[in-house]
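Visitor: this one's structure only:
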């Protein structure tokens with residue numbers, strides 16, 4: 001095998017096209033560090049497990065659909081406990097910080113980091129950083145114990161508080177160094193994890209024995225590589241309540257129209273999955289699939305047809321959809337995200353104006369925006385289990401001396417992923433993929449795509465669902 005190293009990622013190559021995109025380790029920049037036996041050896045909970053330590057050569061493939069002559073491809077290091085650790089339990093001083101917007105499951109992750117450090121590794125010094133990144137240098141800290149965090153998973157939000165922005169690398173690392181912190185757990189989305197990567201690099205430049213571990217958080221599910229982000233499952237489940245309410249309102253009125261706006265700044269995963277799960281939605285509009293209102297094959301033509309057939313309809317729209325049709329704000333929030341116009345109110349008004357002008361079909365429109373209700377609730381059972389495993393994977397990795405990584409689920413296996421792979425791009429719905437075709441066949445809505453959008457040919461006709469299916473690759 002050969003290897004290539006950088007601050008962010010180590011690349012190890014092997015036979016038959018095997019590539020391991022490995023995470024950094026203390027041994028990369030601090031020589032001759034002592035190791036210690038893993039306390040799990042004497043943990044009664046693990047005594048029944050036949051092989052509770054992960055083999056150092058275990059890795060997880062990024063892609064599992066292959067052909068017989070396909071190279072083995074990119075792999076990530078498998079997460080889990082190692083036989084040797086790089087911290088004695090009584091020397092660990094950990095901290096946890098949550099940054100960015102709220103998301104179901106934040107408190108569960110906090111709880112499970114504290115419990116894992118305590119019950120698995122005997123660590124009893126854990127600090128909570130109050131109010132996001134700026135809390136490192138501008139606010140007080142919170143002492144976290146298993147007793148304090150025991151029931152917080154039953155509540156939404158984060159007990160640590162959160163904020164956008166406030167990232168000052170030198171002040172943050174100075175604070176980490178001054179407080180004697182040697183494990184930093186950072187929970188946040190792609191912007192937060194970009195900040196975590198910079199913190200790791202500064203720590204490495206100073207030669208500090210401080211592990212930086214990330215837990216990827218975004219309700220939009222727009223983080224690449226991983227199967228899904230925590231809180232997404234809960235968000236889709238909660239969105240059903242809003243869609244059901246819109247359907248009841250629409251069905252109960254003559255020519256009733258229910259419009260539901262869901263989260264999804266750049267990625268329409270919540271809207272897509274909620275639509276597929278509901279089966280009451282007649283049209284789903286997402287940022288990745290541009291649409292138009294007027295003319296043949298446009299949204300209004302489809303709405304008129306649907307109302308004549310069913311007498312009612314439900315539209316789900318992601319918050320980032322149709323922004324190219326609205327007047328841009330040209331403003332950003334503290335995280336650098338572009339501020340969006342309220343597409344839900346805009347499309348509701350456009351629909352009312354269109355049908356008033358036509359004076360053919362009198363409509364009753366109800367608009368529902370459950371955005372902050374969805375992100376503020378506690379995580380459901382599925383996400384609670386997922387949050388637990390993500391937190392445990394991060395703790396196992398940090399104790400084993402890995403740093404500059406995030407824990408994440410890849411093809412059903414928990415892995416340690418280098419920061420740069422998590423922050424390199426955003427995960428988006430692929431509208432030439434099978435999942436989007438499944439949605440189109442469920443709602444029977446037009447794709448709003450011209451043939452030349454997908455094939456480069458000049459044509460004024462719209463793609464039908466069957467045409468789109470024929471263009472798909474054999475991806476998921």
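Guide: Alright, I've got the coordinates. In this text the structure is predicted, and so the values were computed from the model without any measurement.
Visitor: Show me the shaky parts of the stretch 251-400 of the chain.
Guide: 328-337 (pLDDT under 70).
Visitor: Pull the contacting residues for residue 185.
Guide: Applying C-beta atoms under 8 Å, 6 or more residues apart in numbering to residue 185 gives the contacts 94, 95, 96, 97, 113, 213, 214, 215, 394, 395, 398. Every C-beta, even on glycine, is put in place using the N, C-alpha and C of the backbone.
Visitor: Surely it is in a helix?
Guide: No - membership of residue 185 in a helix is not supported by DSSP: H, G, I helix; E, B strand; the rest coil, which gives strand.
Visitor: From the contacts of residue 185, which land in strands?
Guide: 94, 95, 96, 97, 213, 214, 215 (DSSP state E).
Visitor: From the contacts of residue 185, list just the buried residues.
Guide: Neighbour counting by 16 or more other C-beta atoms under 10 Å classes 94, 95, 96, 97, 113, 213, 214, 215, 394, 395, 398 among the contacts of residue 185 as buried.
Visitor: Against residue 301, how distant is the second one?
Guide: Distance from residue 95 to residue 301, counting by C-beta to C-beta, to the nearest Å: 56 Å.
Visitor: re the thing from before, now for the buried ones among the contacts of residue 185, which pair is the farthest apart?
Guide: 97 and 395 (15.2 Å; C-beta to C-beta).
Visitor: mind listing the helices for the stretch 101-250 of the chain?
Guide: Ranges of helices within the stretch 101-250 of the chain are 106-115, 121, 135-138, 146-149, 169-179, 190-205, 232-251, based on DSSP state H, counting those that start in this stretch.
Visitor: So which of the ones you listed is the most surrounded?
Guide: Here the criterion is mean neighbour count by mean count of other C-beta atoms under 10 Å, and of the helices of the stretch 101-250 of the chain the winner is helix 106-115, at a mean of 26.
Visitor: any idea of the angle that one forms with strand 94-98?
Guide: Angle of helix 106-115 versus strand 94-98, following axes from the mean of the first three to the mean of the last three C-alpha atoms, to 10 degrees, is 180 degrees.
Visitor: Show me what helix 106-115 is packed up against.
Guide: strand 94-98, strand 126-129, helix 146-149, strand 183-188, helix 381-399 (3 or more C-beta pairs under 8 Å, 6 or more residues apart in numbering; DSSP states H and E).
Visitor: Show me what secondary structure element comes after it.
Guide: helix 121 (DSSP states H and E).
Visitor: average pLDDT for that following helix?
Guide: Mean per-residue pLDDT for helix 121: 96.
Visitor: ok, and what's touching that helix?
Guide: 39, 40, 85, 87, 89, 92, 395, 399.
Visitor: what's the span of stretch 413-423, first residue to last?
Guide: End-to-end distance of stretch 413-423: 20 Å, with C-alpha to C-alpha, to the nearest Å as the criterion.
Visitor: Look at residue 339 and say how many residues are nearby.
Guide: Burial measure for residue 339: 10 neighbouring residues, criterion other C-beta atoms under 10 Å.
Visitor: hmm, I was thinking of residue 393
Guide: Residue 393: 25 surrounding residues under other C-beta under 10 Å.
Visitor: give the contact list for it.
Guide: So residue 393 contacts 79, 80, 407, 414, 415, 416 (C-beta under 8 Å, 6+ apart).
Visitor: go again using 6 Å as the cut-off
Guide: Residues near residue 393 by C-beta atoms under 6 Å, 6 or more residues apart in numbering: 79, 407, 414.
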